[in-house]
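S.K.: Here is my input, please return the structure:
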Amino acid sequence: MKYITFALAKGRLAKKSMDLFAQIGITCEEMNDPNTRKLIFTNEELGYKFFLAKASDVPTYVEYGAADIGIVGKDTILEEGRNLYEVYDLGFGKCRMCVCGPESAKELLNGHEMIRVASKYPHIAKDYFYNKKHQTVEIIKLNGSVELAPIVGLSEVIVDIVETGTTLRENGLQVLEEVCPLSARVVVNQVSMKMENERITKIIQDLRKILEVTEG
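M.R.: Sure, this is the predicted structure:
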């Protein structure tokens, strides 16, 4: 039997995903060992393999077929822009991608003057400003706390993920515009979808049933 391989974004998302899989009978004992040094976990009996990857790498593993199925946030899917099927919204890990800044920056978003936008997500920021708002901006990629950028004058606004907005408020910033809603998604390799259609479709249907019951 060919293995179905899952790539999971490390951390909370992976844990939540495995809890969900357990409800549909997809388990992996090896993953429960907190001291393990293993990179790949296998359930021989059911023919499943799992590995944990940095969120931004999950779409790459899936696109190139190193994983058949990936679970990752919508933000990563949009930012990475890989060729894969996004088949299901798991509905957890909900948050929003927003344009944030001090209140005084509000008017700059309606004008046509050039502004600087700092973000960990330069592709999402560019797509939003260029294709949706038709506003020319300079995008600065940052890897750390983007909230710092408008405070120290590096940029007028930032594009970032907002969960509660507490960090923004504490730093005198606010949500100025919403770019898009985000949550965890199931992505599938395009070839795997054809070759293993039956098994993959069943996994997705089982997940859907479980989630509809919890929501209902």
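S.K.: burial count for the closest residue to Lys16 other than its chain neighbours?
M.R.: Nearest non-adjacent residue to Lys16, counting by Cβ to Cβ, 6 or more residues apart in numbering: Phe92, 5.7 Å away. Backbone N, C-alpha and C define where each C-beta goes, glycine included. Phe92 is flanked by 15 other residues according to other Cβ atoms under 10 Å.
S.K.: Confirm that Tyr128 sits in a strand.
M.R.: No - Tyr128: not assigned to a strand; according to DSSP: H, G, I helix; E, B strand; the rest coil it is helix.
S.K.: thinking again about what came up before, wait, what's in contact with the residue nearest to Lys16?
M.R.: Lys16, Ser183, Ala184 (Cβ atoms under 8 Å, 6 or more residues apart in numbering).
S.K.: Other residues contacting the helix or strand containing Leu52?
M.R.: For Leu52, the host element (DSSP states H and E) is strand 48-53. Residues from elsewhere that reach strand 48-53, judged by Cβ under 8 Å, 6+ apart: 3-10, 14, 18, 26, 28, 31, 39-43, 61, 67.
S.K.: Domain-wise, how is this protein divided?
M.R.: 4-93+183-215, 95-180 (automatic domain parsing).
S.K.: can you redo the ones you listed as JSON lines with mean pLDDT?
M.R.: Below are the domains of the chain laid out as JSON lines (pLDDT from 0 to 100):
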{"stretch": "domain 4-93+183-215", "mean pLDDT": "94"}
{"stretch": "domain 95-180", "mean pLDDT": "95"}
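S.K.: if we can go back for a sec, among the contacts of strand 48-53, which lie within helices?
M.R.: Ala14, Met18, Tyr61 (DSSP state H).
S.K.: how deep is the residue nearest to Leu46 when sequence neighbours are not counted tucked in, by neighbour count?
M.R.: Distances taken as Cβ to Cβ, 6+ apart place Ile26 nearest to Leu46, at 6.8 Å, with adjacent residues excluded. Using other Cβ under 10 Å, Ile26 has 19 other residues around it.
S.K.: got the phi/psi numbers for Ile26?
M.R.: Dihedral angles of Ile26 (phi, psi; degrees, to the nearest 10) stand at phi -100, psi 110.
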